[in-house]
Structures are given as structure tokens and as C-alpha cells.
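Student: Sequence and predicted structure, then a few things I'm wondering about:
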Amino acid sequence: MLLGCRKRYSAHPFNDFLSFFIFYSSLFFYSLLSPFPFPPHSTPVTSFFILFYFSLLLLLF
């Protein structure tokens, strides 16, 4: 029996939604307040959606 294999968080879907909400709201506020937008000379909404789809691609692979 392995002692260190307990899950840190419960599998309740609210935890997944909460982490999803915190991550993407922080991405949104980063794209609003960042002095260095991810594509240069882009609007904050454009940089948010580019970071959003890039992070979705990272979740898939």
C-alpha cells in the first residue's frame, strides 16, 4: 500500500469550475492590465482570446 498517493483535492466538479474560473479570470485581467500584450499592438480582448485558445491547446495535449 502506497502512503503518498492520496488525492489532494476532492473530485467535486465545483473545484474544477472554481479553478477554471480563477485561471481564466486571471488571464483576462492580465490581458487588460499588462503593459506587454502577448501579440504586440493588439487589443486586450484579442490577447485574451489568443491566450485562451493557447491554454486550451495545452489542456488537450
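Tutor: Nice, thanks for sending it over. This is a predicted model, so every value here is computed, not measured.
Student: Now do the helices in the chain.
Tutor: Assigned by DSSP state H, the helices in the chain fall at 13-33, 44-60.
Student: could the ones you listed go into TSV alongside mean neighbour count and mean pLDDT?
Tutor: Quick note: C-beta positions are derived from backbone N, CA and C, even for glycine. Listed next are these as TSV, based on neighbours: other Cβ atoms under 10 Å; pLDDT from 0 to 100:
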stretch	mean neighbour count	mean pLDDT
helix 13-33	12	71
helix 44-60	13	73
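Student: Quick check: S31 touching F48?
Tutor: Yes: under the criterion of Cβ atoms under 8 Å, S31 makes contact with F48 at 3.9 Å.
Student: where do the contact lists of those two overlap?
Tutor: Residues touching both S31 and F48 by Cβ atoms under 8 Å, 6 or more residues apart in numbering: none at all.
Student: got a list of what L57 touches?
Tutor: When contacts are counted by Cβ under 8 Å, 6+ apart, L57 touches no other residue.
Student: Give me the distance between it and I50.
Tutor: 11 Å (Cβ to Cβ, to the nearest Å).
Student: Also S19?
Tutor: For S19 relative to I50 (Cβ to Cβ), the value is 21 Å.
Student: Then I22?
Tutor: Distance, I22 to I50, using Cβ to Cβ: 20 Å.
Student: for L27, same thing?
Tutor: Distance from L27 to I50, by Cβ to Cβ: 10 Å.
Student: Quick check: neighbours shared by those two?
Tutor: Between them, L27 and I50 share no contacting residue, judged by Cβ under 8 Å, 6+ apart.
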